[in-house]
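Colleague: need the 3D shape of this:
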Amino acid sequence: MTAKLASQDIKEKIIIALDVKNQSEARKILESLPEARIFKVGLELFTAEGPAMIELVRNYGRQVFLDLKLHDIPNTVAGAVRAALRPGVSMLTLHTSGGKEMMSRAIESAREESEKSNLDLPLLLGVTVLTSLKDKDLEEIGFSSGSQAQVLRLARLAWQAGLKGVVCSPQEIELLRTELGPELKIITPGIRPAWAEAQDQKRIMTPAEALIKGADYMVIGRPITQAVSPAEAFARIVEELEATV
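Modeller: You can find the predicted model right below:
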């Protein structure tokens, strides 16, 4: 990467994962990270707290990445997308393995709801292969190709359906950039600073490596949120990214 990015631009590339159980714990993280701009609300937290969790994050002036990985029949997913948009999310995930029709209906639903409710159109993201899965895991559930081939196949399908971004592990960033070009937004979990433990992620990379390879956004949770000082951990990663570019 050769273009110089401003500090604020770098900060907006980091999505903080609110992988906690309730609003109280989430509030502590939000208050401990005043410089972070985007926060991920995942399945556990959303199931526990519902749309009120989106409202909480927005009340702190932050953007919401709602990571529910929607996967159902097209009509059901379209309805879920409409419901998710009303509280005001900036990003929303759905599984690409739901098929092209499901993704296309989701896009159509998002556009209709955005126009109807006068909301900004969110970035719908197609989840390809979970970062917790290795090639052996894919084989066990019936996929004959390895993770890279499967990610590319599903990312192509998402692009053809009209999605503007995908979620993949850091290991597939270069492949998708080469095959699908610079316009595709790539969001990657599985990001661990060199000084943090890998934990349950298997296909991982450091923030600096992911940025160099072309990630648009990187999801980082425990290395920041479980640090003694989350603000210092966040600042350390920002500094490393700034040094990279």
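
Colleague: mind checking the SS state of the closest residue to P189 other than its chain neighbours?
Modeller: Among residues not flanking P189 along the chain, V219 sits closest, at 4.2 Å (Cβ to Cβ, 6 or more residues apart in numbering). Bear in mind the C-beta positions are built from the backbone N, C-alpha and C, glycine included. With DSSP: H, G, I helix; E, B strand; the rest coil as the basis, V219 sits in strand.

Colleague: V219 bridge partners, please.
Modeller: With DSSP bridges as the criterion, V219 is bridged to I15.

Colleague: which residues touch it?
Modeller: Listed by Cβ atoms under 8 Å, 6 or more residues apart in numbering, the contact set of V219 reads 15, 17, 40, 65, 187-189, 191.

Colleague: could you check how far the residue located most distally from the centre of the chain is from P193?
Modeller: The outermost residue of the chain relative to its centre, with distances by Cα atoms, centre = their mean, is S144 at 26.2 Å. The gap separating S144 from P193 is 35 Å, by Cβ to Cβ, to the nearest Å.

Colleague: returning to that earlier point: what two of the contacts of V219 are the furthest from one another?
Modeller: Greatest spatial distance among the contacts of V219 (Cβ to Cβ): F65 and I191, at 13.8 Å.

Colleague: not counting its own residues, what contacts the lengthiest strand in the chain?
Modeller: Ranked by residue count and defined by DSSP state E, the top strand of the chain is strand 63-70. Residues from elsewhere that reach strand 63-70 (Cβ under 8 Å, 6+ apart): 15, 37-43, 46, 54, 57-58, 77, 80-81, 84, 87-95, 98, 106, 127, 219.

Colleague: narrow these to just the buried residues.
Modeller: 15, 37-42, 46, 54, 57-58, 77, 80-81, 84, 87-95, 98, 106, 127, 219 (16 or more other Cβ atoms under 10 Å).

Colleague: helices - which of those residues land there?
Modeller: 46, 54, 57-58, 77, 80-81, 84, 106 (DSSP state H).

Colleague: of the residues you listed, closest to I237?
Modeller: I237 lies nearest to V57 out of these, by Cβ to Cβ, at 20.0 Å.

Colleague: hang on, isn't that closest one packed against K40?
Modeller: No: assessed by Cβ atoms under 8 Å, V57 is found out of contact with K40, at 9.4 Å.

Colleague: okay, and the common contacts of the two?
Modeller: With Cβ under 8 Å, 6+ apart as the test, V57 and K40 both reach L18.

Colleague: ok so, going back, neighbour count winner among F65 and I191?
Modeller: Neighbour comparison, F65 and I191: the larger count goes to I191, with 29 against 26 (by other Cβ atoms under 10 Å).

Colleague: what about that one, distance to A48?
Modeller: Taking Cβ to Cβ, one finds I191 at 25 Å from A48.

Colleague: do G42 as well
Modeller: For G42 relative to A48 (Cβ to Cβ), the value is 10 Å.

Colleague: residues of stretch 61-69 that come out buried?
Modeller: 62-69.

Colleague: so which of those residues is the closest to P230?
Modeller: Among the buried residues of stretch 61-69, and counting by Cβ to Cβ, the member closest to P230 is R62, at 14.0 Å.

Colleague: what's the closest non-adjacent residue to that closest one?
Modeller: Per Cβ to Cβ, 6+ apart, closest to R62 is F39, 5.3 Å.

Colleague: surely the one you found and E12 touch.
Modeller: No: contact criterion Cβ under 8 Å: F39 and E12 do not qualify, at 11.9 Å.

Colleague: for the nearest residue to A52 once chain neighbours are set aside, what are its contacts?
Modeller: Distance criterion Cβ to Cβ, 6+ apart; nearest residue to A52, sequence neighbours excluded, is Q23 at 7.0 Å. Neighbour list for Q23: 49, 52-53, 56 [criterion: Cβ under 8 Å, 6+ apart].
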